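K.L.:
sequence plus the predicted model coming up.
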Amino acid sequence: MAIRLTEPRLYLGRDLSGIESFRLANGTACVFTVRAPGKQTDNEDSVGLIPCGDRSCVLTVADGLGGLPGGEQASSTAVQELSQLVRSHCSEQLPLRQAILEGIDRANSRILERATGSATTLAVVEIEDHAVRPYHVGDSAILLSGQRGKIKHLTITHSPVGYAVEAGLVEADEAIYHEERHLVSNVIGTTEMRVEMGPRIQLAPRDTLVIASDGLFDNLQIEEIVDLVRIGPLAEAAATLAELCHTRMTEVSQMSPHKPDDLGFILFRPV
């Protein structure tokens, strides 16, 4: 049974052996994160669940850039700075949007100050009174699905391939195989960093929110994710996602995507 979360729950460089579930903001959140199969270095994905009273919270996933020094440190910094600002604003009853934007800006400054070349993506969702608002930097993505499979919101990844899909130059089901899928054009840790903020969307009963690093979206098609999360118990859906991602990452097949990577995701459903 999911336990009630009253303090921030941060997963920084951790590997989980199973799904963890919590109750917060009038809903249930399920979390999973693990390093890529066979990887010897740290998990560079960081995940955070940040409650703000009984009816509000902030959920976030960060993906430190592989191949750059300090990817795990960069993603951890982003989640920690965001958590600190959100908790501070909650105690002072200030708007969550202000806390999120200030937290991202502060994380960017902290990472730049280190001057190590590290960087991270970040996906954030503000949940308040059964409504959500997405924010993102990079290619960690946010998906909101209705119970019948309607995609109510899907962020545009900040990447050449993501923009090509949005412009209709590349088909969505082909983008996952694109040779430049790994390129990211906007990250936290640069002077050109920008935050994309989406619309406020009212949650309907049985809507399911997915916040994840590209370890999920590079191994499963959007339609597959929607079909798996829209019905049934949330924890079971999360476990199936984790298992299927592991299979895709470890087994090469011409019939399905294959990209070994760190994995971090949160599923949220209102109650």
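P.N.:
Yes, it's here. These numbers come from a predicted model, not from an experiment.

K.L.:
mean confidence score for stretch 239-255?
P.N.:
Across stretch 239-255, pLDDT averages out at 95.

K.L.:
list the buried ones in that stretch?
P.N.:
Neighbour-count burial for stretch 239-255, counted by 16 or more other CB atoms under 10 Å, picks out 241-242, 244-246, 248-249. (Glycine included, C-beta is placed from N, CA and C.)

K.L.:
tabulate these (JSON lines), appending distance to residue 160.
P.N.:
Output for the buried residues of stretch 239-255, formatted as JSON lines (distance: CB to CB, whole Å):
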{"residue": "241", "distance to residue 160": "26"}
{"residue": "242", "distance to residue 160": "29"}
{"residue": "244", "distance to residue 160": "27"}
{"residue": "245", "distance to residue 160": "24"}
{"residue": "246", "distance to residue 160": "28"}
{"residue": "248", "distance to residue 160": "23"}
{"residue": "249", "distance to residue 160": "23"}
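
K.L.:
give me the subset of those lying in helices.
P.N.:
241-242, 244-246, 248-249 (DSSP state H).

K.L.:
what about the strands in the stretch 101-250 of the chain?
P.N.:
Counting by DSSP state E, counting those that start in this stretch, the stretch 101-250 of the chain has strands at residues 120-128, 131-137, 141-145, 151-154, 196-197, 201-202, 208-212.

K.L.:
direction included, what does the second one pair against?
P.N.:
By that I understand strand 131-137. Strands that pair with strand 131-137, judged by DSSP bridges, come out as strand 120-128 (antiparallel), strand 196-197 (antiparallel), strand 201-202 (antiparallel).

K.L.:
quick one: residue 58 is in a helix?
P.N.:
No: counting by DSSP: H, G, I helix; E, B strand; the rest coil, residue 58 is not part of a helix but strand.

K.L.:
got a list of what the nearest residue to it once chain neighbours are set aside touches?
P.N.:
Excluding its sequence neighbours, the residue lying closest to residue 58 (CB to CB, 6 or more residues apart in numbering) is residue 50, at 4.4 Å. Contacts for residue 50 (CB atoms under 8 Å, 6 or more residues apart in numbering) come out as 8-9, 57-60, 82-83, 86-87.

K.L.:
may I ask which two of the residues you listed are separated the most?
P.N.:
Taking CB to CB as the measure, the contacts of residue 50 span a maximum distance of 14.1 Å, between 59 and 87.

K.L.:
many thanks, we can stop here.
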